[in-house]
Structure formats: C-alpha cells, structure tokens
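Visitor: show me how the following folds:
(one chain, ligands or ions: 1)
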Amino acid sequence: MNVISMKRDHVVRATAANGTIRAFAVYSRGLVEDARRMHDLSRTATAALGRTLTAAVMMGTMMKGDKDALSIVFNGDGSLGNITATAKADGSVKGYVGNPQASLPSKVGEKLRVGDVVGKGTLRIIYDLAMREPYSGVVEIQSGEIADDIAYYLTSSDQIPSAVSLGVLLNEDSTVREAGGFIVQLMDGATDETAALLEERVAALPSMTTMLTEGETPESILERLLGDMDLQVLEDKPVEFRCDCTRERTLKLLSLVSKDELQSMVDEGEDVEMVCAFCNSKYLYTPEEIAGLMEE
Ligand SMILES: [Zn+2]
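Guide: Now for the predicted structure:
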C-alpha cells in the first residue's frame, strides 16, 4: 500500500502536570528544505541550520506579542562560521550560516555530526520584545550538536531545566526527508516525582529522526512523553520559513557602511547590489539612491 504523506509544518505548545511542565513539539521538514534550497546548503550545513531553525521556531512560540522576536546565534570557530536563526511568535522563522558549503563526510541515513564544523565559542540568545530593550544571554558552546547546546542554555542561562531533541534526516539527493524536534521544561513548583518521571520518559525515547521516520507527529510525541500527566494542548499552529526583508529596509543596512565607502559607490556610478543574508533576495540600488541615503 502506498501511503501519501501530507504532513504539514506545525508547532504544538502544551503544558502538563498542572502547568509545572511546559512542552513544545514541531514538524519542520518544509521549512528546513526551504532553507536548504534558498542557501544552497551542504548536507552538514542543512543539519546544523535545520536543527537551529527547528529549535528557534519552537522558542518563538514562548513569546507573547506578534512582533516579539528571538534570535539564536552560534558564534563558533569551526568552518561553518556563525549560525543565525530568528523566529517570531507568529510561527515564522528565518536563518543562515556563514559558510553554506562547510561539510564533513557522512553516510546517508547516519546521524549528521555537526559539532566539528560549529567549533568552539559562544551561543547567544537575543530576545527582542516589544516595549523594552532587547536583552540576551550567552553560554559557551558545549558539543556544537545544537540540541545539547540549546538545552544547556535554557537550563543554565534561563534557569529552566530543559530537555531538547532535534532531528534532520536527509535523502540521498540531499533534500530533507524529515525534520522536527521537541523541548520540555520543568517549571517552578514541579515535584521531584514529576521531574524523575519526565527524565525517565525523555531518556527512553528513540532519536527524533527515528520517531519521525516511524510516522510520529508532534502530537504523538507529546502524547508519548506526557499523555498520562494531564497533557493540555494550548496551541497548534503552522510554521514556515519567512523573511520579512524589504527593499527599503535592506537599503538602510547600507547606512552601516562608512561615508567614504558610500561616496566611492556613488562616484563609480554603477548600481549597487545588496543581498539579504537571511533569504538571499537581491536588491539593486542606483547611485542616486545611495547619495540620498548619505544625505539622511
Ligand atoms: Zn530576506
């Protein structure tokens, strides 16, 4: 029998154990494939950025306001360069890596190791919430395998004990076969019994890619973890890779360039191309527009 999969990208936000557990699970195959195609990512880079986008889109739903944004930035010294992912509460996420072609040898079907291309350095998470100054927390990169690092950040910097699982599985032709993840967190007031049971459940779960390959969904994964712990689904919404760049806003980025450099662009008299780092959209500006920017 042929089963046609119509799985859509979506995130589920839930609580359990009287609100002392907070949980998020996401199916993200489509958005990781969009990122791979947009940035022409190597297999290793697809795994690294895909896992980061998957975590970011879940963490985006932790925020309240539609304009609130959260960015995850891995600043490692490996060949991949920085990994940046920005998510909003509305379910959109965007991101990029410094070197999309960075790669390590891997076999199809094997878990892609990314720690060596991420390298050593810092993981920073920046919260940009409406009505207040942006703030951020920073920790040292642990393994560089992304999920471990995010869990370490949430547990040590945000001081919320957290388990994070992220998975990206690729086809032989390097397209994305499956992607998804979950985050479960122990909130204030959780009993020792709840903590112990949750730890046991998380440890007993197969890897994310195994579960997705076997047809598990965000709903069924949360059910496995928390089904008998008063699981309450609070929200279920679509997620997608979406960049909010515009021609105008991208031009504004040029104001970061020094006056001298802008002047030489104007003097050369040729159109200037700007590329959005997040989505690779290209924008062309005339020397007149550049001169106008200098006057501002
Ligand atoms: Zn863009």
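Visitor: hang on, Thr286 packs against Gly269?
Guide: No: if you go by C-beta atoms under 8 Å, Thr286 and Gly269 don't touch, sitting 9.4 Å apart. All C-beta spots, glycine's among them, are computed from the backbone N, C-alpha and C.
Visitor: more neighbours: the two, which one.
Guide: Neighbours were counted for Thr286 and for Gly269 using other C-beta atoms under 10 Å; Thr286 has more, 13 against 8.
Visitor: report the contact partners of that one.
Guide: For Thr286, the contacting residues are Asp271, by C-beta atoms under 8 Å, 6 or more residues apart in numbering.
Visitor: same question, Leu198
Guide: Taking C-beta under 8 Å, 6+ apart as the definition, contacts of Leu198 comprise 21, 163, 184, 186, 225-226, 229.
Visitor: and for Lys107?
Guide: Lys107 neighbours (C-beta under 8 Å, 6+ apart): none.
Visitor: before we move on, the earlier item: among the contacts of Leu198, which are located in helices?
Guide: Under the assignment DSSP state H, the contacts of Leu198 contribute 225-226 to helices.
Visitor: quickly list the domain ranges of this protein.
Guide: 10-241, 247-295 (automatic domain parsing).
Visitor: among those, where is the model least confident on average?
Guide: Ranked by mean pLDDT, the domains of the chain end with domain 247-295 in last place, scoring a mean of 90.
Visitor: what segments of the stretch 1-150 of the chain are helices?
Guide: 29-39, 43-60, 115-118, 147-156 (DSSP state H, counting those that start in this stretch).
Visitor: of all those helices, which one is nearest Leu256?
Guide: helix 29-39 (22.1 Å; C-beta to C-beta).
Visitor: against which helices or strands is the closest one packed?
Guide: helix 43-60, strand 92-97, strand 176-186, strand 240-241 (3 or more C-beta pairs under 8 Å, 6 or more residues apart in numbering; DSSP states H and E).
Visitor: coming back round to it: of all pairs in the contacts of Leu198, which one is the farthest apart?
Guide: Checking the contacts of Leu198 with C-beta to C-beta, the most distant pair is Ala163 and Met229, at 14.2 Å.
Visitor: and those two? Which one has more around it.
Guide: Ala163 (21 against 18).
Visitor: that older thread, between the helices of the stretch 1-150 of the chain, which gets nearest to Thr246?
Guide: Each of the helices of the stretch 1-150 of the chain was scored for nearness to Thr246 using C-beta to C-beta, and the closest is helix 29-39 (17.0 Å).
Visitor: output the closest one as PDB, nothing but the C-alphas.
Guide: Output in PDB follows, covering the C-alpha atoms of helix 29-39 (Å, rounded to 0.1, in the frame of the first residue of the first chain):
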ATOM      1  CA  ARG A  29      10.600  19.400   7.200                       C
ATOM      2  CA  GLY A  30       9.200  22.000   4.800                       C
ATOM      3  CA  LEU A  31      10.900  25.000   6.400                       C
ATOM      4  CA  VAL A  32      14.300  23.200   6.700                       C
ATOM      5  CA  GLU A  33      14.000  22.200   3.000                       C
ATOM      6  CA  ASP A  34      13.200  25.800   2.100                       C
ATOM      7  CA  ALA A  35      16.400  26.900   4.000                       C
ATOM      8  CA  ARG A  36      18.500  24.300   2.200                       C
ATOM      9  CA  ARG A  37      17.300  25.300  -1.200                       C
ATOM     10  CA  MET A  38      17.500  29.100  -0.600                       C
ATOM     11  CA  HIS A  39      21.000  29.000   0.800                       C
END
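Visitor: and that helix with strand 176-186, angle?
Guide: 120 degrees (axes from the mean of the first three to the mean of the last three C-alpha atoms, to 10 degrees).
Visitor: now do helix 29-39 against strand 92-97, angle only.
Guide: Angular relation of helix 29-39 and strand 92-97 on a 0 to 180 degree scale: 40 degrees, by the same axes, to 10 degrees.
Visitor: put the alpha carbons of stretch 202-220 into CSV.
Guide: Presented in CSV, the C-alpha positions along stretch 202-220 are these (Å, rounded to 0.1, in the frame of the first residue of the first chain):
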residue,chain,number,x,y,z
VAL,A,202,12.9,11.6,27.8
ALA,A,203,15.7,9.1,28.2
ALA,A,204,13.6,6.2,26.9
LEU,A,205,12.6,8.0,23.7
PRO,A,206,14.2,7.0,20.4
SER,A,207,16.0,9.7,18.4
MET,A,208,14.0,12.4,16.8
THR,A,209,14.7,11.2,13.2
THR,A,210,13.8,7.6,14.2
MET,A,211,10.5,8.7,15.6
LEU,A,212,9.7,10.9,12.5
THR,A,213,10.6,8.1,10.1
GLU,A,214,8.2,5.8,12.0
GLY,A,215,5.4,8.3,11.4
GLU,A,216,5.4,10.0,14.8
THR,A,217,4.0,13.6,14.8
PRO,A,218,4.4,16.5,17.3
GLU,A,219,1.1,15.4,18.9
SER,A,220,2.0,11.7,19.2
